[in-house]
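**Student:** Need the 3D shape of this:
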Amino acid sequence: MRLHALLLPLSALVLWWQQPPDPAVRARQIVDWLLEGQYEQVRSALAGEAKLRLTLELLRDQLGASLRQLGKPEAVGQPELRKSGNFDVAVVPVKFASVGINVVVTLDAQGGVRGLFLRPQEVPWQRPAYSNPDAFLEREVTVGDGEWKLPGTLTLPKGSGPWPGIVLVHGSGPLDRDQTVGACKVFKDLAEGLASRGIAVLRYEKRTRQYAARIAALQDFTVWQETVEDAVKAAELLRSLPEIDGKRVFILGHSLGGYLAPRILKQAPWVAGVIIMAGNTRPLGTLIVEQAEYIASLDPANEAARRQAEKLKEMAAQIQAIEEGKSELRGVMGMPAAYIRDLKGYDPAAELSKLEVPALILQGERDYQVTMADFKRWKEALKDRRDVTLKSYPKLNHLFVAGEGKSTPAEYQKPGHVDQQVIEDVTAWVRSHASGS
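**Tutor:** From the prediction side, this is the model:
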């Protein structure tokens, strides 16, 4: 009897231990480890593809370095939970002196971490002076169908139309339909500014944001799933609407969206023209290293930034090895091997030169993420094209927000808007490419 009495509490303990962990508690534990620099602990909690992609070096030299740049955290809020298929997604707010960020932790039923992202917290958006809300209306739309359908917003000029239309294609990262970066909303500015001037605009949630957990589990993920397929579906939707002139549908790609514009155009050859804003022409690995070196140069005493730049150089060499089939690594810099191989040898400037599509290419001269070196390559490849217009802006950064001096990551945390001259230039160019002109 005594032995039986002793076994009962033990069996109860085993049953309790097997209960799945509370996702809010687990997410807070992961965030605490990350903030305290306990990267080995974070690494031990990873599962599935995340364990292959998020190396100890990447956790320390990218995620950790990004957090260290913000200083000491002042407060950590309660996790907000939502379901994404079979996964729990926890959003944990962290307040720093100058900015707030959200740490997004995706967990499986056993408490394994399937995804880990840093996202800036939204700052209240103020309408830019060039937006006239009396001139347009907005309605919700759905881009695509089936398992990857995406919620979107159509910003439509008031009146009878039919209107020319533009599809906005995101840059890198799991971005929302407004392309919120820090305190700026690049796509919301563009949508309202252009719709105020008689151009309809369609924007949508990026697939890597809407389905973050499912994307993280994919082994054959490429830019087709990330960007190209959804951009084509969005363009097809836009031209099918009765309020839109189907012969005047344009693609506007920012950053990665501009880089991939030629691939989008090949899938939608009927598009009337393309606008490329800060589109890189050099490989992504090259840009990432260059950005890290630039950030390190802003503060030569920042040893962590210098180490990160050196580590990224090593990762760039690993990318080349994957491209050449000399490495068995599953991924580098958060990019799966399939993603890296898909972009091997891809030259967007050369590709665009082969396509008979009018183009407007815009570049901020203060941009440190996609630089004037990329703009120069667009110029060289397209110098003989009379249907291509190129323009750079001395005071604008990567988000096409005006500023002075060297651009820095901290600049993105200050409220700002896409410069009005950009709105006017895009408007004038679209109008000049009206159907039949």
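
**Student:** C-alpha only now, for contacts and for neighbours.
**Tutor:** Noted.

**Student:** Distance-wise, check the residue nearest to Ala268 when sequence neighbours are not counted relative to Arg263.
**Tutor:** Excluding its sequence neighbours, the residue lying closest to Ala268 (Cα to Cα, 6 or more residues apart in numbering) is Val232, at 6.3 Å. Val232 is 10 Å from Arg263, where distance means Cα to Cα, to the nearest Å.

**Student:** got a pLDDT number for Gly416?
**Tutor:** For Gly416, the pLDDT comes out at 94.

**Student:** ok, back up a step: since we're on the residue nearest to Ala268, how many residues are nearby?
**Tutor:** 23 (other Cα atoms under 10 Å).

**Student:** Look up how far Glu328 lies from it.
**Tutor:** Distance from Val232 to Glu328, by Cα to Cα: 33 Å.

**Student:** What's the first helix or strand after the helix or strand containing Ala231?
**Tutor:** Using DSSP states H and E, Ala231 maps to helix 229-240. Sequence-wise, the next helix or strand downstream of helix 229-240 (DSSP H and E) is strand 244-254.

**Student:** Where does the prediction get shaky in the stretch 1-150 of the chain?
**Tutor:** 1-20 (pLDDT under 70).

**Student:** Enumerate every residue touching the closest residue to Gly193 other than its chain neighbours.
**Tutor:** Among residues not flanking Gly193 along the chain, Ser131 sits closest, at 4.9 Å (Cα to Cα, 6+ apart). Ser131 makes contacts with 189, 192-193, 196, as judged by Cα atoms under 8 Å, 6 or more residues apart in numbering.

**Student:** how close does Ser131 get to Trp163?
**Tutor:** Taking Cα to Cα, one finds Ser131 at 18 Å from Trp163.

**Student:** Ok, Asn102 next?
**Tutor:** In terms of Cα to Cα, Asn102 sits 38 Å off from Trp163.

**Student:** and what of Pro133?
**Tutor:** On the measure of Cα to Cα, Pro133 and Trp163 end up 17 Å apart.

**Student:** do Ala47 as well
**Tutor:** The value you get for Ala47 to Trp163, if Cα to Cα is used, is 48 Å.

**Student:** more neighbours, these two?
**Tutor:** Taking neighbours as other Cα under 10 Å, Ala47 and Trp163 compare with Trp163 leading, 24 against 19.

**Student:** you'd agree the more buried one is up against Val201?
**Tutor:** No. The pair Trp163 / Val201 is not scored as a contact, 9.8 Å apart, by Cα atoms under 8 Å.

**Student:** for the protein, which helix is longest?
**Tutor:** helix 303-323 (DSSP state H).

**Student:** What is the subsequent helix or strand relative to that one?
**Tutor:** Proceeding C-terminally, helix 303-323 gives way to strand 331-332 as the next helix or strand, assigned by DSSP H and E.

**Student:** starting at the chain centroid, how far to that following strand?
**Tutor:** A distance of 18 Å separates the centroid of the chain from that of strand 331-332, by Cα atoms, centre = their mean, to the nearest Å.

**Student:** Can you list the helices and strands that that strand packs against?
**Tutor:** helix 49-53, helix 303-323 (3 or more Cα pairs under 8 Å, 6 or more residues apart in numbering; DSSP states H and E).

**Student:** all helices for the stretch 1-150 of the chain, in order.
**Tutor:** 2-17, 23-35, 39-45, 49-53, 56-58, 64-68 (DSSP state H, counting those that start in this stretch).

**Student:** Output the fourth one in CSV with nothing but the alpha carbons.
**Tutor:** Extracted C-alpha coordinates of helix 49-53, given in CSV (Å, rounded to 0.1, in the frame of the first residue of the first chain):
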residue,chain,number,x,y,z
GLU,A,49,13.8,24.4,-40.5
ALA,A,50,14.4,27.2,-37.9
LYS,A,51,17.1,25.0,-36.3
LEU,A,52,18.8,24.7,-39.7
ARG,A,53,18.5,28.4,-40.7
